[in-house]
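Student: Okay, sequence plus prediction incoming.
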Amino acid sequence: MTTNKPRPCTLGKRHSWQYQQDVKITRVNGRSAQISLRGLYQCECGAKKYGGPSP
Ligand SMILES: [Zn+2]
């Protein structure tokens, strides 16, 4: 596993995450695949993260 360290926001002290869309993330566990829905969030500085599904 690689660790994703979020870069500090260039526009403020913290990123102001804005919800973009839901994305499907497929995890393969051996023979079975698990599909989970995650929300994609983006800050104005361009940083992105995946969070929980849309509120
Ligand atoms: Zn930011």
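Tutor: Done, it's in.
Student: Can you list the buried residues in stretch 40-55?
Tutor: Leu40, Tyr41, Gln42, Cys43, Ala47 (16 or more other CB atoms under 10 Å). (Each C-beta comes from the backbone N, C-alpha and C, glycine too.)
Student: Just the closest of those residues to the ion, please.
Tutor: The shortest gap between the ion and any of the buried residues of stretch 40-55 belongs to Cys43, at 3.1 Å (CB to the ion).
Student: Could you report the pLDDT at the closest residue to that closest one other than its chain neighbours?
Tutor: Using CB to CB, 6 or more residues apart in numbering and skipping the chain neighbours, the partner closest in space to Cys43 is His15 (3.9 Å). At His15, the pLDDT value in this model is 93.
Student: Provide a list of residues in contact with His15.
Tutor: For His15, the contacting residues are Pro6, Cys9, Cys43, Cys45, Ala47, Lys49, by CB atoms under 8 Å, 6 or more residues apart in numbering.
Student: where does the protein dip in pLDDT?
Tutor: Along the chain, the parts satisfying pLDDT under 70 run over 1-4, 6, 53-55.
Student: what about the strands in it?
Tutor: Here the chain has its strands, by DSSP state E, at 18-29, 32-42, 48-51.
Student: beta partners for the spatially most central residue of the chain?
Tutor: Closest to where the C-alpha atoms of the chain average out (CA atoms, centre = their mean) is Tyr50, at 1.1 Å. On the basis of DSSP bridges, Tyr50 is bridged to Leu40.
Student: what's the answer for Tyr19, then?
Tutor: Beta-bridge partners recorded for Tyr19 (DSSP bridges): Tyr41.
Student: just the one 5 residues further on next, same as before
Tutor: The residues paired with Lys24 through beta bridges, assigned by DSSP bridges, are Leu37.
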